[in-house]
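In: I'll drop the sequence and a predicted model, then ask my questions.
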Amino acid sequence: MKAILGWFDDRTGWSGPLRSLLRYPVPAHAHLNPLFSMGSLLMVLFVVQAVTGMFMAFYYDPSPEGAYGSVDYIQFTLKYGWLIRGVHHWAASVMVVMVVLHLLRTYLYAAYKKPRELTWLVGVLLLLITVSFGFTGYLLPWDQKGYWATKVGTEIAGSVPVAGGTLRGLLRGGEEMGISTLTRFYAVHMLVLPGAFMTVVAAHLALMRRNKLAPPLIRKGDGPEKTVPFYPTHLAIEATIALIVIVGLIVAASQFHAPLGLRADPTDSAFVPRPDWYFLFYFQLLKYFPGNLEPIATMAIPIFFFGSLALLPFVDRGEERRPWKKPITSGAFVLYAAAVIVLTVLGNG
Amino acid sequence: MADEQDASPELSRREVLHTMWFWGATLAAMGAVGLPAGRFAVGKSLDERTKHWVSIGAADKLPTDGFKRVVYEFRDKDAWRDVTTEGLIYARANANGEVLVLSAVCTHLACNVRWRQDEERFVCPCHKGIYDAEGEVISGPPPRALRKIETRIKDGVVEALV
């Protein structure tokens, strides 16, 4: 074995970079702390989505006539179809939860401060990519839920002043929802977004490795902090967490099958479209901005939200990182969290 | 030695030329691929849809005290495929025989509105937009009245341009 590895190393020189990648010292405060395992869990979930998505692509028919039937076939006829689609469905939700928790952990630890501003910015981009996965994937079964949620979603883009019509047309691939909408959502969901995700994650990781993890909020004792090697010690924990989550996804998929509503009907006037649960707060928010105030909800609030996230490290530049000493950022967190929870509950009602 | 440590040594004329050459070639290559690719991705996204006249029934059969729910369909080409496109409109006549046809598409976020005969109003199930029997907004988030659809009468049959 050693001889084979040596043969490869002579020709590739991989052992050096690989060793530094794997022997990276993980600070003790991040080891055995689930709050610091969410990033790697997100990568595992991405792989789960890529693999289950790839298998579904064997059978999926991206056309308004065929999509619903093919998803029905995957779900109810193919062996383990319910499992592949169920895991994809539940992993999508867990991924959104993890992205948000990962962001919240970074936010509350104020780990976005110098020199980690770019890591944070790239992370905000990953949040956008993750929700875009959810938005584009929702349409693919071409059922009532997906159809109407996408119609509303693309109409939101259409309400942007001046460029709205163009934006909506580009998203839908035409004036109305049709075959071009489905093929471009499919292409974006399974080619554009995964490519973007992998590229941006690579940048996120490279920045994280270069700037290292932010030190703990409270230092215990003097001297240098203890570390453990990334491989095998830290990865053993990460792999265990990943295994637990994957088993959980399989159990969830078997107990709660991924939903498939009725086939999309553009003439229906009774169906109340609801987005996936993580967009519910926004769905509810839209009700409060009538008439000409609509662009406030469809444009100003999202721009303000993502803008404030992006600008955060450049505004909050002080040395202080402990949340209990930072009333403004901690208060903003409580306010945002309360708003999202209340709106989600109201939107669900 | 000092020259070697200089972080930004002055570029020679040849290097400046090569730098410009590199960026020029790179941008030209990106443009050569990117511009047609971008136009290709836009495709017919921004083209206006072809409109069709669809029949909604005999003029003297339209209700005068409410709206008839009309599910229309027509055959058309959607990109490369021949498809049957379906849609929903509401039609009624007044005492003078004038026909009013309204689009069912809520002007807020494009859900289909529903005619409530008991309340004599249109209600959008999505965000509770409410319109009167003329399609004008009464309350809720819709920014505009329901779109009035052009009609014509051909051999006693009302047709709507959808």
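Out: Structure received. All values derive from a computational prediction rather than experimental measurement.

In: hmm, which helix or strand of the chain has the shakiest average pLDDT?
Out: Defaulting to chain A. helix A:294-295 (a mean of 84; mean pLDDT, DSSP states H and E).

In: my bad, the chain I had in mind was chain B
Out: Least confident element among the helices and strands of chain B, by mean pLDDT, DSSP H and E: helix B:2-5 (a mean of 49).

In: get me the contact residues on the stretch 1-150 of chain A for chain B.
Out: A:Ser63, A:Pro64, A:Glu65, A:Trp148 (CB under 8 Å from any CB of the partner chain). Quick note: C-beta positions are derived from backbone N, CA and C, even for glycine.

In: and the residues you listed, which of them are buried?
Out: When neighbours are counted using 16 or more other CB atoms under 10 Å in any protein chain shown, those contain these buried positions: A:Ser63, A:Pro64, A:Trp148.

In: pretty sure the second one contacts A:Gly178?
Out: Read it as A:Pro64. Yes. Between A:Pro64 and A:Gly178 there is a contact at 6.4 Å, judged by CB atoms under 8 Å.

In: okay, and the common contacts of the two?
Out: Common neighbours of A:Pro64 and A:Gly178, using CB atoms under 8 Å, 6 or more residues apart in numbering or on different chains, are B:Asp78, B:Val83.

In: dump the buried ones among the residues of the stretch 1-150 of chain A next to chain B into TSV; add secondary structure and pLDDT as well.
Out: Shown next, in TSV, are those (DSSP: H, G, I helix; E, B strand; the rest coil; pLDDT from 0 to 100):
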residue	secondary structure	pLDDT
A:Ser63	coil	95
A:Pro64	coil	94
A:Trp148	helix	94
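
In: contacting residues around residue 152?
Out: If you meant another chain, say so; for now it's chain A. Contacts of A:Val152 (CB under 8 Å, 6+ apart): A:Pro273, A:Pro275, A:Phe283, B:Leu109, B:Ala110, B:Cys111, B:Cys126.

In: could you do chain B instead?
Out: Each residue near B:Arg152 by CB under 8 Å, 6+ apart is listed here: B:Trp53, B:Val158, B:Glu159, B:Leu161.

In: now do the contacts for B:Arg49.
Out: B:Arg49 neighbours (CB under 8 Å, 6+ apart): A:Gly174, A:Glu175, A:Glu176.

In: now with 6 Å?
Out: Applying CB atoms under 6 Å, 6 or more residues apart in numbering or on different chains to B:Arg49 gives the contacts A:Glu175.

In: give me the pLDDT value at it.
Out: Note on B:Arg49: pLDDT of 89.

In: and for A:Ala264?
Out: 96.

In: in the chain, where is pLDDT below threshold?
Out: Here I'm looking at chain A. For chain A, not a single residue meets the criterion pLDDT under 70.

In: sorry, should have said chain B
Out: For chain B, applying pLDDT under 70 flags the ranges B:1-8.

In: now do the SS call for B:Glu134.
Out: At B:Glu134, secondary structure determined by DSSP: H, G, I helix; E, B strand; the rest coil is coil.

In: quickly note the distance from it to A:Leu21.
Out: Noted for B:Glu134: a distance of 69 Å to A:Leu21, by CB to CB, to the nearest Å.

In: re the thing from before, mind putting the contacts of A:Val152 in a markdown table, secondary structure and neighbour count included?
Out: Converted to a markdown table, the contacts of A:Val152 look like this (DSSP: H, G, I helix; E, B strand; the rest coil; neighbours: other CB atoms under 10 Å in any protein chain shown):
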| residue | secondary structure | neighbour count |
| --- | --- | --- |
| A:Pro273 | coil | 21 |
| A:Pro275 | coil | 21 |
| A:Phe283 | helix | 24 |
| B:Leu109 | coil | 26 |
| B:Ala110 | coil | 23 |
| B:Cys111 | coil | 23 |
| B:Cys126 | coil | 26 |
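
In: can you list those residues in a markdown table and add distance to A:Gly318?
Out: As requested, the contacts of A:Val152 are exported to a markdown table (distance: CB to CB, whole Å):
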| residue | distance to A:Gly318 |
| --- | --- |
| A:Pro273 | 44 |
| A:Pro275 | 38 |
| A:Phe283 | 37 |
| B:Leu109 | 42 |
| B:Ala110 | 46 |
| B:Cys111 | 47 |
| B:Cys126 | 44 |
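
In: tell me which of those is nearest to A:Ser70?
Out: A:Pro273 (21.9 Å; CB to CB).

In: residue contacts, that closest one?
Out: Counted by CB under 6 Å, 6+ apart, A:Pro273 has contacts A:Trp148, A:Ala149, A:Val152.

In: of the residues you listed, closest to A:Trp7?
Out: A:Ala149 (54.6 Å).
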